[in-house]
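*Asks:* with the input below, show me the fold.
(chains A and B)
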There are 2 protein chains.
Amino acid sequence: MGRWVIIAAERGRRPIDFSLREKETLPLSGTCPFCQGNEAMTPPEIVAYRKIGKANSPGWLVRVVPSRNPVLRIEGELGRRAVGIYDMMNGVGAHEVIIETPEHQPHLDELEISQLGKIFRIYRDRILDLKKDRRFKYLLIFKNYGSRAGASTISHLHSQLIATPVTPKRVKSELIGAKRYFDYKKRCIYCDILRQEVELGKRTILENKGFLAWAPFAARFPFEVWIIPKRHSPDYETISDEEINDLGRLMKDLMGRLRQGLSDPPYNYILHTGPNRIPRRGYWSTIDDDFHWHLEIMPRLTRLGGFEWGSGFYINLTPPEDVAKFFRESLKDV
Amino acid sequence: MGRWVIIAAERGRRPIDFSLREKETLPLSGTCPFCQGNEAMTPPEIVAYRKIGKANSPGWLVRVVPSRNPVLRIEGELGRRAVGIYDMMNGVGAHEVIIETPEHQPHLDELEISQLGKIFRIYRDRILDLKKDRRFKYLLIFKNYGSRAGASTISHLHSQLIATPVTPKRVKSELIGAKRYFDYKKRCIYCDILRQEVELGKRTILENKGFLAWAPFAARFPFEVWIIPKRHSPDYETISDEEINDLGRLMKDLMGRLRQGLSDPPYNYILHTGPNRIPRRGYWSTIDDDFHWHLEIMPRLTRLGGFEWGSGFYINLTPPEDVAKFFRESLKDV
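*Replies:* Numbering: from 1, shown residues only, chains lettered A, B, ... in the order given. Okay, the predicted model is just below:
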C-alpha cells in the first residue's frame, strides 16, 4: 500500500529490553562521545570545520560522523524484489550525525549566532556532497531533542542526516500538494502563504531580511513553528552565506523563546527541501517553481493516540494566533 | 495540502500547563468516573447493556457515554469555508466513550470472553446507530492504553468512538491502496494476504474459525499485530454473533500474551472499517469487494523522532517473523 518500513534487525533489542522503561539520562561530559577530546568514541569523521588540528583530534568547531547505529547503510545495491505479494529492497542509504558544538551544550539558543551559522553551512556542504550519489533520492536532515521527541540519551547538541533510496511518502505527498496548487494558480503556494501571513500579521512570530517564522494555520502540534526563506528556492543547498546568517539569528531568538516560554520542551525540527532529481525531467518538471524549502519545528508536548494514528487528523489544543502571540510576547531575557 | 487539523481551543490548556511533565496516575477505585456507582460523574449514558437498573444507575455491563472533553461536538452545521487561502469547517462530529466493564479493571485479557463479546457487540450497535446521521463520513473506534499511547489518567478499561465530518486522510489512503490492487487483480488484497500468511505460517500468531492474528509484513511498530476476519466484509457492523465470540476469544488470548510477554506495554488498537457511503456510488463503487475490515494493535514501545515524522517511513527493530514466534511461544499462563 505504498508503505515502506525499515526492518533494522541488527539494531534490534530482545523483547525483554523493550519492557524496560526509558529514562532521560544526561551523560557526564567526560563520557560523552560527542565532546571534544573524545573523538575516538565515534566512527572516523566525514568532515569537520576546524580551527586547528588534524582529522579526529580536538580543534574542530562542527563535526560530521557516520552514525554508530545506522538505520540505513551505504554499502551495496538496492536489489528491489518481490516477497510473495510484498515488495522488499535492501536498506541502502547513509546515516550521519552532525555534532553541533565541541563543548557539552544541549541548548541551541546558547550558541553564538556564528556557531549556528556553521551548523547551517555544514548542512549545505553535506547535501551538496551526497547529492552526487544517484542512489539517494532524498536527504532528510532533522533534530530530535529530548527523549519524548525520539532522542537518544546523548544530550550534546547534534542533528542527523539520513539519505534514503526512495523519496519518502510524506515528502512525496507534500510535493504533490505544492504541484497541484501550482498547476492551478501558476504560483508557489509557499510564496502565497508567506505574503498572506506577513500582510495579516496575526500568526507571524519573528521576521528578518531573509526569513519569516510563523505559527502555521493547520499546525499539527501545539506551538508548532515554521521558518521559510523569503527568496523562493526549492533546494536548501542554494542558501547564501547572508541567508545563513539571518537564519542563525532568527533560530537563536526563536529557540530561546521556545525553551524559556515552554520550560525546555522536547522538540523535533525537520528540514523540508526538494528531492534529488535530474533537472526538469519527469513528474517533478515544475518543482523549481512550485516547491519552496522550509524548516518545521514541532514541540512534542502532547502524545499521539489512536485517534491521530487512525485518522491522520491532529488535535491541536492551541490556535496558531495564540501561539504567535505567546512567542512574540515571550522575551528571551526574562 | 489536504491536511485537516482540529483546533480544540476549548479543551486547551494554558502554555504553562504544557510544561508540566505528565505522570501516570491510577485513580483509586472510589474516585474513578467509570466505576459502577459513579454514574453521575459522567455525562448521561447514550446506551448500556444492563442486568438490572435504570439508565445512569448501577447494574450495567457495558456503558457508552459522551466524552466529557470531546474533540468534535455533535451540534451544528459543517459550514465549510475559505479563510484566506486556507479552508476551514466547524468541528461537527461525535465523541463517545465505551466503558468496557463496571469494575475497576485495566487489563482487557482479565475480562471473561463473554464480556469481551459485549464490547465488540456494542461497537456494532454504535456504528449502526451513528451511520444513520449523514453528516458523519467516518466512524473511528480505537483504544489508548497507557500514557505513552495517548491515554488519559483514567486506567479503567475503555475505548473511544469519534465520528468525523470528512473521511480521514489515513483511511482514504488505505482505501485507495486497496482499490488500486483490486482494479489490477480483481481480488481483495486483504483476502490475498490472509491466504498467503496462513499458507506460509511464519508470521501467524493465533487463528480460530473466524479470525487470524498475524505480525504484518511491513509493521510500523515493534510487536504490531493485525487481526482480520476470515469472511470478506468491508464493514465491521456486519460481524455475526458467532464471529464476535471468536474475536473475543482470540483477543483475550492475544492481549494476555502481549501483557505478559512485554511487561504490560502501552498500546493502541484501531478498528479499520469502511467509511459511510451511499451504496455503490462514486469513487467507492468497488469498496464492497476491495476493502476488508480489520483491527490493528500497535504496542508503543519506541518513540517516533524526526526521521519518522519527516519521511513517513518507520524504523522497526523487530522482524515480523521474530514477533510471531515470540507471541506463539509466550504462554498465557506463565
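*Asks:* what about stretch A:171-188, near chain B?
*Replies:* Yes: against chain B, stretch A:171-188 shows contacts by CB under 8 Å from any CB of the partner chain at A:171, A:173, A:174, A:177, A:178. Bear in mind the C-beta positions are built from the backbone N, C-alpha and C, glycine included.
*Asks:* spell out which residues of the stretch 151-300 of chain A are next to chain B.
*Replies:* Neighbours of chain B within the stretch 151-300 of chain A, by CB under 8 Å from any CB: A:151, A:160, A:162, A:164, A:168-171, A:173-174, A:177-178, A:189, A:192-193, A:196, A:200, A:217-220, A:222-223, A:261-263, A:265, A:268-272, A:298-299.
*Asks:* rewinding a little: may I see the residues of stretch A:171-188 next to chain B organised as JSON lines, with neighbour count, secondary structure and pLDDT added?
*Replies:* Shown next, in JSON lines, are these (neighbours: other CB atoms under 10 Å in any protein chain shown; DSSP: H, G, I helix; E, B strand; the rest coil; pLDDT from 0 to 100):
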{"residue": "A:171", "neighbour count": "23", "secondary structure": "helix", "pLDDT": "90"}
{"residue": "A:173", "neighbour count": "17", "secondary structure": "helix", "pLDDT": "87"}
{"residue": "A:174", "neighbour count": "17", "secondary structure": "helix", "pLDDT": "91"}
{"residue": "A:177", "neighbour count": "16", "secondary structure": "helix", "pLDDT": "90"}
{"residue": "A:178", "neighbour count": "22", "secondary structure": "helix", "pLDDT": "93"}
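*Asks:* the residues you listed into JSON lines, with extra columns for distance to residue B:106?
*Replies:* Formatted as JSON lines, those follow (distance: CB to CB, whole Å):
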{"residue": "A:171", "distance to residue B:106": "40"}
{"residue": "A:173", "distance to residue B:106": "37"}
{"residue": "A:174", "distance to residue B:106": "39"}
{"residue": "A:177", "distance to residue B:106": "41"}
{"residue": "A:178", "distance to residue B:106": "45"}
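*Asks:* could you single out the nearest of these to chain B?
*Replies:* residue A:177 (3.4 Å; CB to the nearest CB).
*Asks:* how close does that closest one sit to residue A:155?
*Replies:* Applying CB to CB, to the nearest Å, the value for residue A:177 to residue A:155 is 36 Å.
*Asks:* show me the strands in the stretch 1-150 of chain A, by range?
*Replies:* All strands of the stretch 1-150 of chain A, identified by DSSP state E, counting those that start in this stretch, fall at A:5-7, A:47-50, A:60-66, A:81-83, A:86-88, A:94-99, A:138-145.
*Asks:* end-to-end on stretch A:86-94?
*Replies:* 24 Å (CA to CA, to the nearest Å).
*Asks:* quick one: contacts for whatever residue of the stretch 1-150 of chain A ends up closest to chain B?
*Replies:* Taking CB to the nearest CB, chain B has its nearest neighbour within the stretch 1-150 of chain A at residue A:150, 2.3 Å off. Residues in contact with residue A:150 (CB atoms under 8 Å, 6 or more residues apart in numbering or on different chains) are A:144, A:268, B:303, B:304, B:305, B:306, B:307, B:308.
*Asks:* give me the local confidence score for it.
*Replies:* Residue A:150 carries a pLDDT value of 84.
*Asks:* skipping its backbone neighbours, what lies nearest it in space?
*Replies:* Nearest in space to residue A:150, with sequence neighbours left out and distances taken as CB to CB, 6 or more residues apart in numbering or on different chains, is residue B:305 at 2.3 Å.
*Asks:* what's the answer for residue A:87, then?
*Replies:* Leaving aside its sequence neighbours, residue A:87 sits nearest to residue A:80 (CB to CB, 6+ apart; 6.8 Å).
*Asks:* where does the stretch 201-334 of chain A have low pLDDT?
*Replies:* The stretch 201-334 of chain A contains residues with pLDDT under 70 at A:278-284, A:331-334.
*Asks:* where does it get nearest to chain B, residue-wise?
*Replies:* residue A:305 (2.3 Å).
*Asks:* so that residue touches residue B:151, yeah?
*Replies:* Yes: under the criterion of CB atoms under 8 Å, residue A:305 makes contact with residue B:151 at 6.8 Å.
*Asks:* ranges for the helices of the stretch 51-200 of chain A?
*Replies:* Assigned by DSSP state H, counting those that start in this stretch, the helices in the stretch 51-200 of chain A fall at A:113-130, A:169-185, A:189-200.
*Asks:* tell me which of these sits most buried.
*Replies:* Most buried of the helices of the stretch 51-200 of chain A by mean neighbour count (mean count of other CB atoms under 10 Å in any protein chain shown) is helix A:113-130; its value is a mean of 19.
*Asks:* quick check: closest non-adjacent residue to residue A:327.
*Replies:* If you skip the residues right next to it in sequence, residue A:327 has residue A:205 as its closest partner in space, 4.5 Å away by CB to CB, 6+ apart.
*Asks:* helix or strand right after the helix or strand hosting the one you found?
*Replies:* Assigned by DSSP states H and E, residue A:205 belongs to strand A:204-207. Downstream of strand A:204-207, the next assigned helix or strand under DSSP H and E is strand A:211-214.
*Asks:* which other helices and strands contact that next one?
*Replies:* Packed against strand A:211-214 by the contact rule (3 or more CB pairs under 8 Å, 6 or more residues apart in numbering or on different chains; DSSP states H and E) you find helix A:189-200, strand A:204-207, strand A:225-229, helix A:241-261.
*Asks:* contacts for the third one?
*Replies:* Surrounding strand A:225-229, the residues in contact under the criterion CB under 8 Å, 6+ apart are A:190, A:193-194, A:205, A:210-216, A:239, A:243, A:247, A:250-251, A:254, A:258, A:292-297, A:323, A:327.
*Asks:* give the pairing partners of that strand; include direction for each.
*Replies:* Here strand A:225-229 has these sheet partners by DSSP bridges: strand A:211-214 (antiparallel), strand A:294-299 (antiparallel).
*Asks:* coming back round to it: from the contacts of residue A:150, which single one is nearest residue B:70?
*Replies:* residue B:304 (25.9 Å; CB to CB).
*Asks:* residues contacting that closest one?
*Replies:* Per CB under 8 Å, 6+ apart, neighbours of residue B:304: residue A:150.
*Asks:* that one should be in a strand, yeah?
*Replies:* No: applying DSSP: H, G, I helix; E, B strand; the rest coil, one finds residue B:304 to be coil, outside a strand.
*Asks:* for the residue nearest to residue A:327, which residues are in contact?
*Replies:* Residues in contact with residue A:205 (CB under 8 Å, 6+ apart) are A:213, A:214, A:215, A:225, A:254, A:257, A:323, A:324, A:327, A:328.
*Asks:* repeat for residue A:273
*Replies:* Here residue A:273 is in contact with A:127, A:139, A:141, A:234, A:235, A:236, A:237, A:293 (CB under 8 Å, 6+ apart).
*Asks:* JSON lines please, covering those and showing distance to residue A:102.
*Replies:* Output for those, formatted as JSON lines (distance: CB to CB, whole Å):
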{"residue": "A:127", "distance to residue A:102": "23"}
{"residue": "A:139", "distance to residue A:102": "25"}
{"residue": "A:141", "distance to residue A:102": "20"}
{"residue": "A:234", "distance to residue A:102": "33"}
{"residue": "A:235", "distance to residue A:102": "29"}
{"residue": "A:236", "distance to residue A:102": "24"}
{"residue": "A:237", "distance to residue A:102": "25"}
{"residue": "A:293", "distance to residue A:102": "28"}
